[in-house]
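>>> prediction below, plus the sequence it came from.
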Amino acid sequence: MANKSILNKKSMDFLEKYLNNAAPTGYEWTGQKIWMDYLKPYVDEFITDTYGTAVGVINPKAKYKVVIEGHADEISWYVNYISDNGLIYVIRNGGSDHQIAPSKIVNIHTKNGIIKGVFGWPAIHTRDKAKEETPKPDNITIDVGAKDKEEVEKMGIHVGCVITYPDEFHILNGDKFVCRALDNRMGGFMIAEVARLLKENKKTLPFGLYITNSVQEEIGLRGAEMISQTIKPNVAIVTDVTHDTTTPMIERKKEGHLEIGLGPVVAYAPAVQQKLRDLITETAEAKKIPFQRSALSRATGTDTDAFAYSNGGVASALISLPLRYMHTTVEMVHKDDVENVIKLIYETLLNIKDGETFSYFE
């Protein structure tokens, strides 16, 4: 039993569909609908807000409220300027990486549907070897095969159109999931799986559980900031991705040592409430769930910060999924880690008592 995967065919079909759908920051609703459809059998009701955050609620009448959270949005680009000869200059929507852009195919989202384009790059033969330019936001351009600005505009492309990469989900070597937007579609997937397991294992929680898929994390934790005021939770367990630091050109003395396949990463940071974090690590040890530790200076840079510092202070913790190649189109996670994050959140919820204050003074 111990080695049996908790992910079934239905889970994996959902994950693939959810990942392959584009949901850039500010345009998350198509992904949210896929997520809500999957979650529907496992929750009592949904809350949605003006900007698109979606929350599945179990025990909505309970006074004590616990959030488990991931974020729904992925990084992308905006059309910023169209040159007279029909080339498109872009600005970021979230932390898009200019260095990976050259020779990528893109999807430009317009009223008339998707228009394909390519990030061009000067041929190796034409570049000055002595002072080669690297890709920068101001020198990468998208070519949609148009001869001039007018032709681009006739296609329905205008300033403000959002641009995503079409890369889709696949599995490498049997147990590595690869896709764009694993940051943080995996979070939404993992919290949905927690809800499924609670239902399938007929677990009754003594509190209200708010399975929260926040929008707009990539531009400053904004979705979590909004929904934290709506839910007003007592506890928030956030899941996002963090860096596997074992691949080349990452300084472990600075970034710490974290590795895919070695388990969820428990964060140490001022925004992480110590007693809640102790409950998580003690749960992991008791249930023999492997985990790693990470120290974060000042902010965690995740929705944990938004929940922790809302509503006069909410006991918050961060459980991260180690990931290689963040903000590229080949982000990579280990299936074992995905399952262990799900198990760790699930088992921790079963150990939270109704009315628990996590006070340092009790």
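Noted; the coordinates are in hand.
>>> where do the helices sit along this protein?
Assignment of helices within the chain using DSSP state H yields the ranges 9-20, 29-39, 149-154, 182-200, 222-231, 252-255, 274-286, 303-308, 335-351.
>>> just the angle between the last one and helix 9-20, please?
Between the axes of helix 335-351 and helix 9-20, defined by axes from the mean of the first three to the mean of the last three C-alpha atoms, to 10 degrees, the angle is 110 degrees.
>>> cool, the fourth one as well?
On the basis of the same axes, to 10 degrees, helix 182-200 is oriented at 150 degrees to helix 9-20.
>>> got the buried residues for helix 182-200?
182-198 (16 or more other C-beta atoms under 10 Å). All C-beta atoms are positioned from the backbone trio N, CA, C, and that covers glycine.
>>> contacting residues for the residue nearest in space to the middle of the chain?
In the chain, the residue lying closest to the centroid (C-alpha atoms, centre = their mean) is residue 184, at 1.2 Å. Residue 184 makes contact with 70-72, 217, 239-241 under the criterion C-beta atoms under 8 Å, 6 or more residues apart in numbering.
>>> could you find the closest non-adjacent residue to residue 76?
residue 24 (3.5 Å; C-beta to C-beta, 6 or more residues apart in numbering).
>>> for stretch 195-205, output the C-alpha coordinates as CSV.
Extracted in CSV, the C-alpha atoms of stretch 195-205 (Å, rounded to 0.1, in the frame of the first residue of the first chain):
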residue,chain,number,x,y,z
ALA,A,195,-9.8,17.8,-1.1
ARG,A,196,-10.3,14.6,-3.2
LEU,A,197,-8.5,12.5,-0.6
LEU,A,198,-10.5,14.0,2.3
LYS,A,199,-13.7,13.1,0.5
GLU,A,200,-12.6,9.6,-0.6
ASN,A,201,-11.3,8.7,2.8
LYS,A,202,-14.5,10.1,4.4
LYS,A,203,-12.6,12.5,6.7
THR,A,204,-14.7,15.0,8.7
LEU,A,205,-12.8,18.2,9.6
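>>> let me know the pLDDT of the closest residue in space to residue 272 that isn't next to it in sequence.
Closest residue to residue 272 apart from its sequence neighbours, by C-beta to C-beta, 6+ apart: residue 317 at 5.2 Å. We have a pLDDT of 98 for residue 317.
>>> can you get me a residue count around residue 317?
29 (other C-beta atoms under 10 Å).
>>> strands of the stretch 101-250 of the chain, start to end?
In the stretch 101-250 of the chain, the segments counted as strands under DSSP state E, counting those that start in this stretch are 105-110, 113-119, 141-143, 162-164, 170-172, 176-179, 208-214, 235-243.
>>> for stretch 254-269, which positions count as buried?
Buried, per 16+ other C-beta under 10 Å, within stretch 254-269: 256, 258-267, 269.
>>> which intervals of the protein have sub-threshold pLDDT?
1-3 (pLDDT under 70).
>>> can you give me the domain boundaries for the protein?
9-74+180-351, 76-164 (the TED database).
>>> okay, these in JSON lines with distance to residue 357 next?
As requested, those are arranged in JSON lines below (distance: least, C-beta to C-beta, whole Å):
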{"stretch": "domain 9-74+180-351", "distance to residue 357": "8"}
{"stretch": "domain 76-164", "distance to residue 357": "36"}
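>>> buried deepest among those domains, which one?
The highest mean neighbour count among these, using mean count of other C-beta atoms under 10 Å, belongs to domain 9-74+180-351: a mean of 20.
>>> need the contact list for residue 229.
310-311.
>>> just to revisit the earlier point, would you turn the helices of the chain into a markdown table with distance to residue 54?
Formatted as a markdown table, the helices of the chain follow (distance: least, C-beta to C-beta, whole Å):
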| stretch | distance to residue 54 |
| --- | --- |
| helix 9-20 | 12 |
| helix 29-39 | 4 |
| helix 149-154 | 34 |
| helix 182-200 | 9 |
| helix 222-231 | 9 |
| helix 252-255 | 32 |
| helix 274-286 | 24 |
| helix 303-308 | 14 |
| helix 335-351 | 18 |
